[in-house]
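Peer 1: sequence and predicted model, in that order:
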Amino acid sequence: MSAKTLYQKLVDSHTVVKLDEENVLLFCDLHLMNEYTSPQAFSGLDEKGRGVLIPGQNISVVSHIIPTHNEMPRMIADPASSLQALNLKKNCVKHHIPLFDTNHPLQGIEHVVSPEHGMVRPGMVIICGDSHTTTYGALGALGFGIGTSEVEHVLATQTLVYRLAKNMHIKINGILPVGTTSKDMILNIISQIGAKGAIGYVVEFSGSALKDLSTEARFTLCNMAVESGARGALIAPDQIAIDYVFARCPDITGEIKERALAHWASLYSDKDARFEKEYEFDATDMAPFVTWGTSPDQAIAINDSIPQKDSIKDPLDKLSLEQALRYTKLSDGQTLEGTPIDHVFIGSCTNGRIEDLRNVLAAIGDRKVAAGVRAMVVPGSGAVKAQAEKEGIADKLIAAGFEWRKPGCSMCLAMNDDVLTSGIRCASTTNRNFEGRQGRGAITHLMSPAMAAAAAVMGKITDVRKLQGASNA
Ligand SMILES: CC(C)[C@H](C(=O)O)[C@@H](O)C(=O)O
Ligand code: SF4
């Protein structure tokens, strides 16, 4: 038998039938839905008089449009958004699909909610009408985003017509230095391979630098891989992944547990497996990374400077640099450190988990949010929020001047009422910095939670490594 990549093993084990050289009918173990990308799919089912084939292998959350203010119970004031949430509820009740509704204590962003309750396990195929479904690769599950018409197909058949991707291997050796995180790692990688660098590929990450990363840090890495165009991101499951899953699945015991372990042990790329593209990085000299432009690959190390216009040969690249800098109101050749910021947003499916919030607290020490800065923390889920409150993180962040919100996507894409106004500069732990992403004319700098925390207390983009010790109180 020929050597296979982990990706090929996952696809083969889920292939119902090969359709042609490029397409297979793929079985999907878990299908996630949100209020935003599911309505047309349910209407499509209704029109054709079809039902949902396996309701228990689908799950829904309300995430994108809900407000994150602290009133109890949470109300959706915007009529269109309220209708979307109501429709999702109706559809889920009608088709017996479990729903984490607006006021459910565990509600949150799909990519935060599903792994924290043990729904994501190595070897699964997981799909969602949302691009950041690549997150689940951190546990050795193949996750990817699908379109609305595909959502309908999955609901009706639990399968998907799937176009095969190519294999890319990104090896990261060395050890991430203190003060850097997997967010810096992925921003660094994307800045080098480009926002289109992995189009058509499923990326497998490996290397010694991953061994020290927690599952949550790996989620961040795989989540953002899609920003390089990747159709999926994978990390072969190791003991860290296995421990994460079993801690959340106490019901898997005895023979089933043995069988699961035996299967998971086979989930790696064979020694001679062929990758169409390979990259190697060294984590040892990585530094905190921050975006300066309007694409996730327009990023630099905090101690570096924005590229000089004249150093860019390709006319299109030069144009996109000029356009980006016009929008972000920065100049070529300048450094980012010291750039004043107005707003800080900590949250999203990239960095809205408990470890991210612990990192925020650790970074600020006993400092307070700088005068004139508005800093918001939006936990990724109800469980993250409750945990942070239990650990005293919430109280300390509130005392430091942060707003403590309810879970949701919020200012990651500004589809609720958390919208920035034009010209506001935001230090954000999110994943996209396109023009207008956080509000028309608003400027987004993507960075790690620790770096965003440093920006909050210093009022400017700051190298978090310089913050150790001293206080601004
Ligand atoms: C709204 C949804 C389709 C979108 C996505 O697929 O990623 C959103 O989650 C985003 O992050 O831009
Ligand atoms: S948090 Fe942001 S990136 Fe994640 S699903 Fe929501 S809008 Fe998309």
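Peer 2: That came through, no problem. Residues are numbered from 1 along each chain as shown. Ligands and ions are numbered 1, 2, ... in the order given.
Peer 1: contacts only, for Val16.
Peer 2: Contact analysis of Val16 by Cβ atoms under 8 Å, 6 or more residues apart in numbering lists 24-27, 159. For the C-beta atoms, the positions are set from N, CA and C on the backbone; glycine is no exception.
Peer 1: ditto for Val11
Peer 2: Residues counted as contacts of Val11 (Cβ under 8 Å, 6+ apart) are 24, 26, 142, 162, 164.
Peer 1: can you classify the closest residue to Val154 other than its chain neighbours by secondary structure?
Peer 2: Spatial nearest neighbour of Val154, excluding adjacent residues (Cβ to Cβ, 6 or more residues apart in numbering): His31 at 5.0 Å. Secondary structure of His31, reduced to three states by DSSP: H, G, I helix; E, B strand; the rest coil: strand.
Peer 1: any idea how far His31 is from ligand 1?
Peer 2: For His31, the distance to ligand 1 (Cβ to the nearest ligand atom, to the nearest Å) stands at 15 Å.
Peer 1: what's the answer for Thr335, then?
Peer 2: If you measure Thr335 against ligand 1 using Cβ to the nearest ligand atom, the figure is 29 Å.
Peer 1: repeat for Pro288
Peer 2: Pro288 is 23 Å from ligand 1, by Cβ to the nearest ligand atom.
Peer 1: cool, and Ala394?
Peer 2: Using Cβ to the nearest ligand atom, Ala394 is found at 25 Å from ligand 1.
Peer 1: that residue touches Trp404, doesn't it?
Peer 2: Yes: proximity of Ala394 to Trp404 meets the contact threshold set by Cβ atoms under 8 Å, at 5.1 Å.
Peer 1: helix or strand next in line after the lengthiest strand in the chain, which one?
Peer 2: The strand spanning the most residues in the chain, taking DSSP state E as the definition, is strand 166-173. Downstream of strand 166-173, the next assigned helix or strand under DSSP states H and E is helix 182-193.
Peer 1: show me what that following helix is packed against.
Peer 2: Helix 182-193 makes packing contacts with strand 166-173, helix 215-225, strand 277-282, strand 289-291, strand 299-301 when contacts are defined by 3 or more Cβ pairs under 8 Å, 6 or more residues apart in numbering; DSSP states H and E.
Peer 1: ok, which of those comes nearest Met451?
Peer 2: With Cβ to Cβ as the measure, strand 289-291 is the member of these nearest Met451 (6.6 Å).
Peer 1: what packs against the closest one?
Peer 2: Using 3+ Cβ pairs under 8 Å, 6+ apart, the elements in contact with strand 289-291 are helix 182-193, strand 299-301, strand 443-446.
Peer 1: just so I know, which of the ones you listed lies nearest ligand 2?
Peer 2: Closest approach to ligand 2 among those is made by strand 443-446 (11.3 Å; Cβ to the nearest ligand atom).
Peer 1: the closest one packs against which elements?
Peer 2: Going by 3+ Cβ pairs under 8 Å, 6+ apart, strand 443-446 lies up against strand 289-291, strand 425-428.
Peer 1: buried ones in the first one, by neighbour count?
Peer 2: Spelled out, it's strand 289-291. Using 16 or more other Cβ atoms under 10 Å as the test for burial, strand 289-291 gives 289-291.
Peer 1: what's the neighbour count on the residue nearest to Leu164 when sequence neighbours are not counted?
Peer 2: Counting by Cβ to Cβ, 6+ apart, Leu164 lies nearest to Glu22, which is 5.8 Å off, once chain neighbours are set aside. One way to gauge burial is a neighbour count; for Glu22, by other Cβ atoms under 10 Å, it gives 9.
Peer 1: any idea how far Glu22 is from ligand 2?
Peer 2: Going from Glu22 to ligand 2 by Cβ to the nearest ligand atom gives 28 Å.
Peer 1: show the backbone phi and psi for that residue.
Peer 2: Recorded main-chain torsions at Glu22 are phi -110, psi -10, according to degrees, to the nearest 10.
Peer 1: that one contacts Arg163, doesn't it?
Peer 2: Yes: Glu22 lies in contact with Arg163 (Cβ under 8 Å); the separation is 5.7 Å.
Peer 1: from ligand 2, how far off is the nearest residue to Thr181 once chain neighbours are set aside?
Peer 2: For Thr181, the nearest residue in space outside its immediate sequence neighbours is Ser448; the separation is 4.6 Å by Cβ to Cβ, 6+ apart. Going from Ser448 to ligand 2 by Cβ to the nearest ligand atom gives 16 Å.
Peer 1: which residues are in contact with Ser448?
Peer 2: Going by Cβ under 8 Å, 6+ apart, Ser448 touches 180-181, 183-184, 288-289, 351, 359, 429, 464.
Peer 1: now do 7 Å
Peer 2: In this structure, Ser448 makes contact with 181, 183-184, 288, 429, judged by Cβ atoms under 7 Å, 6 or more residues apart in numbering.
Peer 1: select only the buried ones of those in PyMOL?
Peer 2: Written as a PyMOL command, the selection of buried residues from these, which uses 16+ other Cβ under 10 Å, is:
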select buried, resi 181+183+184+288+429
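Peer 1: residues near Ser295, how many?
Peer 2: Number of residues near Ser295 (other Cβ under 10 Å) recorded here: 19.
Peer 1: any idea how far the closest residue to it other than its chain neighbours lies from Ser228?
Peer 2: Leaving aside its chain neighbours, Ser295 sits nearest to Ala195 (4.9 Å; criterion: Cβ to Cβ, 6+ apart). The gap separating Ala195 from Ser228 is 6 Å, by Cβ to Cβ, to the nearest Å.
Peer 1: ok, those two, which is more surrounded?
Peer 2: For Ala195 and Ser228, the more surrounded residue by other Cβ under 10 Å is Ser228, and the numbers stand at 25 against 15.
Peer 1: distance of the more buried one from ligand 1?
Peer 2: Here the distance between Ser228 and ligand 1 works out to 14 Å (Cβ to the nearest ligand atom).
Peer 1: next up, the contacts around the closest residue to that residue other than its chain neighbours.
Peer 2: Leaving out its chain neighbours, the residue that sits closest to Ser228 by Cβ to Cβ, 6+ apart is Ala198, at 4.2 Å. Taking Cβ under 7 Å, 6+ apart as the definition of contact, the neighbours of Ala198 are 168, 225, 228-230.
Peer 1: so where does Ala198 fall, helix or strand?
Peer 2: Remark: Ala198 resides in no helix or strand, with elements defined by DSSP H and E.
Peer 1: for the chain, what lies in contact range of ligand 2?
Peer 2: The chain comes close to ligand 2 at residues 63-64, 109, 130, 132, 348-349, 409, 412-413, 430-431, as judged by Cβ under 6 Å from any ligand atom.
Peer 1: OK, contacts around Asp297?
Peer 2: In this structure, Asp297 makes contact with 190-191, 194-195, judged by Cβ under 7 Å, 6+ apart.
Peer 1: are any of those buried, and which?
Peer 2: The neighbour-count test (16+ other Cβ under 10 Å) applied to these identifies 190-191 as buried.
Peer 1: who's in contact with stretch 419-428?
Peer 2: Taking Cβ under 7 Å, 6+ apart as the rule, stretch 419-428 contacts 341-345, 411, 414, 438-447, 452, 455, 461.
Peer 1: let's have the contacts of Ala198 in CSV, adding distance to Ala301.
Peer 2: As requested, the contacts of Ala198 are arranged in CSV below (distance: Cβ to Cβ, whole Å):
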residue, distance to Ala301
Met168, 23
Ala225, 20
Ser228, 18
Gly229, 22
Ala230, 22
